[in-house]
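In: A predicted structure for the sequence below; I have some questions about it.
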Amino acid sequence: MDGSGLPETRSTCPYCGVGCGVLLRPDGQGGMDVRGDPDHPANHARLCSKGSALAETIGLEHRLLAPRVDGRDCDWDSALQHVADRFSDTIARHGPDSVGFYVSGQLLTEDYYVANKLMKGFIGSANIDTNSRLCMASSVAGHKRAFGTDTVPGTYEDLDAADLVVLVGSNLAWCHPVLYQRLLAARKARGTRIVVIDPRRTATCDSADMHLALAPGSDVALFNRLLTTLYEGGALDAGYLRQTNGFDRAIETAFSDDARVTGLSPDRIEAFCELWMRTEKVVTIYSQGVNQSSSGSDKVNAILNCHLATGRIGKPGMGPLSVTGQPNAMGGREVGGLANMLACHLDLENPDHRAAVRSFWDAPQMPDAPGLKAVDMFRAVGDGRIKALWIIHTNPAVSMPEADAVRDAIAGCDFTVVSDITAATDTARLADVLLPATAWAEKEGTVTNSDRTISRQRSVLPAPGAARPDWAILAELGRRMGFDRAFDYASPAEIFREYATLSGIAGQFGRDFDISGLARMTDAAYAGLVPVRWPVTAMRAGGRFFADGGFFHADGKARFVPVSYRAPASKTGPRYPFRLNTGRLRDQWHTMTRTALSPRLAAHMPEPFIELHPEDAAAQGIAPADLVQVQSPHGRAILRARITDSVQPGQVFAPMHWTGETAPSARIDGLVAAETDPVSGQPESKASVVALSRF
Ligand code: SF4
């Protein structure tokens, strides 16, 4: 209860990976008040502009309220039987790898668990991937290479205790605003130094002590120089190095790299390296500027190498911290929502892990090799290898790189199902079957934020029309495909208990992800679950990883990964002389399905634009507010010019939110090349090449 006497319900914001707690008070007429939860450890009552506008975005104007088959509303029974028949028929005729699920970091953990179980254990394919592939797959790959598991060692409390916070490829002020507010509070309290490493001068730079505007994609060379500085400066932690393998090759490779590719002056590089070396309590936060790169995994390992070499990891105020874009990107990683992972951080390639999960699920089959990652999945849709596709809560016809080709691939797919809260997306318009799902504030489940804290999302509004929770839709499909017993779930609490029990088996294999302490929760305990950081076992809740080693490779040691600078995959040249960086705006979220409903949020930056440097604008004859044609090898967009020296000459920046529904000429991912990191499969969304001309 708050002071008004009306009941409030604790839930979690559905936007970014900070995972802020919210208190919801419905007004009984479809509306509600939203305020920050003072007791949630992620935000302590703070909310950003998006979170505080949530109540403005729950209208039913664009909601999908009934299943639709071939454009006609129908009942659930007909729609789901049609989907089950088409999927079963496709599998019978072409094999399990002829179908695919493309899901989303918007899914709750329980939804994710059921989708993953259905595809990997019962359909028998690993062709389930998620839009989180576009967000943080390189962090997953980097963690697994260094630690043996996808373990995030840092916590938000480390920001409060650090003396230096280095932000790499992260516009924290706009993309994770509450974490940024927390950092500014720490800076006020203890004088925390802030360094921003980003080719673009973003809002985050306003409060930075140092901004290193390095050349796009050159982060590996900068962190290799840091590693050699630490070595030459005698800053290595010899005791901690005994917990690791591979330092000699990593340092040898680092010495062979050339930091001049960063374009930074030697003085600036030295000042940064000296500051890092002389400050014990260092946190390195990294985000999409690191991950969305054809060398993203190497960038992550270049950062991890420096923390491992100095033992600055897993201790208060020290360590690397990857911040995720989506509300449940971490939950998706934990539950095996990526095509190359099993549930509970077990490995698809490991026969013992596969056998354990298969036995636990009593599954008829289990793939023994990774499925198609997002970019490859849509290529397989395009060339007909995937013939039946189910897309859940995401809009790949807009958000995938080479989006025009992806849109055409979906349009040409034999059978496409879309579950979403709205039919008004570019992707939904291409579907053969539309399934109405419940939205945030209408559904129950859990999410995991960027520092491993599991929180509840709770429903306070009735499901509109015929909308159903995703777990229920997926489970019903499983039953209709003949897997009755395995998908006979009555509630998300039941799914969560099964998942937590499976994590105990992962714990027996020595994996990091173990929440078996929650496996015996009653329904009432699940209903009242308070935020808790994993692991949660009978012996332990929360805590830190790696302060004294204890890594998850077979020998218990961490691995240094030798990495060298690689230039972005797309090359500039006379035809496409500019490098295109893409990213978020402060007040919009993904393809604007929800945030566009708030006039307050839409007013921040109401139309699509492109930022270009004054020298480039003059050379191209482009004046402020001119319309600019932006052409890449993959597509074309028309955008309003913003002329600013926040971008460097030869570079341009454009936000990625607008869609064919909201601004058909501004589908930015139509311009982006589908070049991927060879280890993680994550696309390089920040270094495509384009040409500009006045429109
Ligand atoms: Fe929501 Fe992220 Fe803002 Fe917190 S910082 S209120 S999770 S959008």
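Out: That came through fine.
In: Run through the residues that contact whatever residue of the stretch 151-300 of the chain ends up closest to the ligand.
Out: Going by C-beta to the nearest ligand atom, the ligand is nearest to Val178 of the stretch 151-300 of the chain, at 3.7 Å. Just so you know, the C-beta spots here come from the backbone N, C-alpha and C atoms, and that holds for glycine as well. Shown in contact with Val178 (C-beta atoms under 8 Å, 6 or more residues apart in numbering): 18, 20, 42-43, 46-48, 51.
In: Show me which residues of the protein are close to the ligand?
Out: 13, 15-16, 18-20, 43, 47-48, 50-51, 176-178 (C-beta under 6 Å from any ligand atom).
In: Would you reformat those residues as JSON lines and include pLDDT and secondary structure?
Out: Below are these laid out as JSON lines (pLDDT from 0 to 100; DSSP: H, G, I helix; E, B strand; the rest coil):
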{"residue": "Cys13", "pLDDT": "97", "secondary structure": "coil"}
{"residue": "Tyr15", "pLDDT": "95", "secondary structure": "coil"}
{"residue": "Cys16", "pLDDT": "94", "secondary structure": "coil"}
{"residue": "Val18", "pLDDT": "96", "secondary structure": "coil"}
{"residue": "Gly19", "pLDDT": "97", "secondary structure": "coil"}
{"residue": "Cys20", "pLDDT": "98", "secondary structure": "coil"}
{"residue": "Asn43", "pLDDT": "97", "secondary structure": "coil"}
{"residue": "Leu47", "pLDDT": "98", "secondary structure": "coil"}
{"residue": "Cys48", "pLDDT": "97", "secondary structure": "coil"}
{"residue": "Lys50", "pLDDT": "96", "secondary structure": "helix"}
{"residue": "Gly51", "pLDDT": "96", "secondary structure": "helix"}
{"residue": "His176", "pLDDT": "97", "secondary structure": "coil"}
{"residue": "Pro177", "pLDDT": "97", "secondary structure": "helix"}
{"residue": "Val178", "pLDDT": "98", "secondary structure": "helix"}
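In: Name the SS class of the closest residue to the ligand within the stretch 551-695 of the chain, please.
Out: The nearest approach of the stretch 551-695 of the chain to the ligand comes at Trp589, 7.4 Å away (C-beta to the nearest ligand atom). Taken by DSSP: H, G, I helix; E, B strand; the rest coil, the conformation at Trp589 corresponds to coil.
In: Arg579: which element?
Out: strand 578-583 (DSSP states H and E).
In: and the gap between the residue in the stretch 1-150 of the chain positioned nearest to the ligand and Thr12?
Out: The nearest approach of the stretch 1-150 of the chain to the ligand comes at Gly51, 2.4 Å away (C-beta to the nearest ligand atom). Applying C-beta to C-beta, to the nearest Å, the value for Gly51 to Thr12 is 10 Å.
In: For these two, list the residues in contact with both.
Out: In contact with both Gly51 and Thr12: 20, 22, using C-beta under 8 Å, 6+ apart.
In: The two: which is more packed in?
Out: Thr12 (31 against 23; other C-beta atoms under 10 Å).
In: phi, psi of that one?
Out: phi -130, psi 140 (degrees, to the nearest 10).
In: what's it in contact with, if anything?
Out: 19-22, 40, 327, 447, 449, 455-457.
In: again, 6 Å this time
Out: Shown in contact with Thr12 (C-beta atoms under 6 Å, 6 or more residues apart in numbering): 19, 447, 455, 457.
In: in the stretch 501-650 of the chain, which spans are strands?
Out: 532-533, 558-559, 578-583, 609-612, 627-631, 636-643 (DSSP state E, counting those that start in this stretch).
In: Does anything pack onto the longest one? Which helices or strands?
Out: Which is strand 636-643. strand 609-612, strand 627-631 (3 or more C-beta pairs under 6 Å, 6 or more residues apart in numbering; DSSP states H and E).
In: about what we covered before: which one among the residues of the chain next to the ligand gets closest to Asp488?
Out: Gly19 (30.7 Å; C-beta to C-beta).
In: how about the closest one, what does it touch?
Out: So Gly19 contacts 12, 42, 449, 455 (C-beta under 6 Å, 6+ apart).
In: swap the cut-off to 7 Å and go again
Out: Contact partners of Gly19, counting by C-beta atoms under 7 Å, 6 or more residues apart in numbering, are 12, 42, 327, 447, 449-450, 453, 455.
In: tell me which of those residues is nearest to Thr676?
Out: Ser450 (22.9 Å).
In: Surely that closest one touches Asn328?
Out: No - counting by C-beta atoms under 7 Å, Ser450 does not reach Asn328; the two are 10.7 Å apart.
In: Between those two, which is the more surrounded one?
Out: Set Ser450 next to Asn328 and count neighbours by other C-beta under 10 Å: Asn328 wins out with 33 against 28.
In: Look up the pLDDT of that one for me, please.
Out: Per-residue confidence at Asn328 stands at 89 (pLDDT).
In: just checking, it touches Leu108?
Out: Yes - if you go by C-beta under 7 Å, Asn328 and Leu108 touch, sitting 6.3 Å apart.
In: joint contacts of these two?
Out: Val447.
In: Include secondary structure when you put the contacts of Gly19 into JSON lines, please.
Out: Putting the contacts of Gly19 into JSON lines (three-state DSSP) gives the following:
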{"residue": "Thr12", "secondary structure": "strand"}
{"residue": "Ala42", "secondary structure": "coil"}
{"residue": "Pro327", "secondary structure": "coil"}
{"residue": "Val447", "secondary structure": "strand"}
{"residue": "Asn449", "secondary structure": "coil"}
{"residue": "Ser450", "secondary structure": "coil"}
{"residue": "Thr453", "secondary structure": "strand"}
{"residue": "Ser455", "secondary structure": "strand"}
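In: Considering those, which member attains the minimum pLDDT?
Out: Pro327 (82).
In: about what we covered before: for the residues of the chain next to the ligand, which one is nearest Pro568?
Out: His176 (24.4 Å).
In: Would you confirm that that closest one contacts Val323?
Out: Yes - contact criterion C-beta under 7 Å: His176 and Val323 qualify, at 5.3 Å.
In: of those two, who's got more company?
Out: His176 (29 against 26).
In: Neighbouring strands of the strand holding Arg579 in the sheet, and parallel or not?
Out: Sheet pairing for strand 578-583, assigned by DSSP bridges, gives strand 651-655 (parallel), strand 688-694 (antiparallel).
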